[in-house]
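> sequence? don't have it. structure:
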């Protein structure tokens, strides 16, 4: 499980950025592909929006890995 802490003053991080920040995607292009192919779950549901805003408490799943968003 990866824990991704939001920076001070930030309320959210975008889905594509979260995949890159945790190393689950090597680039923004890779993140976009994974998301558009329906391979990424947000809170247990497929989400194909790269710009999906993730807030404190959200969980992302991709390729057997999980990301927990925390403030």
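Alright, I've got the coordinates. No experiment lies behind these values; they were computed from the predicted model shown.
> remind me, longest helix of this structure?
helix 28-36 (DSSP state H).
> Which other helices and strands does that helix contact?
Here helix 28-36 touches helix 15-21, going by 3 or more CB pairs under 8 Å, 6 or more residues apart in numbering; DSSP states H and E. Heads up, the C-betas are built off the backbone N, CA and C, glycines and all.
> ok, and what's touching the helix it packs on?
4, 13, 25-28, 30-32, 34-35, 40, 42, 47, 49-54, 60, 62, 67, 69 (CB atoms under 8 Å, 6 or more residues apart in numbering).
> same thing but at 6 Å, please
4, 25, 28, 31, 50, 52, 54, 67 (CB atoms under 6 Å, 6 or more residues apart in numbering).
> what number of residues lie near the fifth one?
Each residue near residue 50 was counted by other CB atoms under 10 Å, and the total is 18.
> Please identify the helix or strand for it.
Remark: residue 50 resides in no helix or strand, with elements defined by DSSP states H and E.
> count of neighbours near the spatially closest residue to it that is not a sequence neighbour?
The shortest distance from residue 50 to any non-neighbouring residue, by CB to CB, 6 or more residues apart in numbering, is to residue 16 (4.3 Å). Residues lying near residue 16 (other CB under 10 Å) number 22.
> Excluding chain neighbours, what is closest to residue 62?
residue 40 is the one closest to residue 62 (CB to CB, 6+ apart), at 4.8 Å.
> mind listing what the strand ranked longest in the chain pairs with, with the direction of each?
Secondary structure of the chain per DSSP state E: the longest strand is strand 65-70. Applying DSSP bridges, strand 65-70 is found paired with strand 2-5 (parallel), strand 59-62 (antiparallel).
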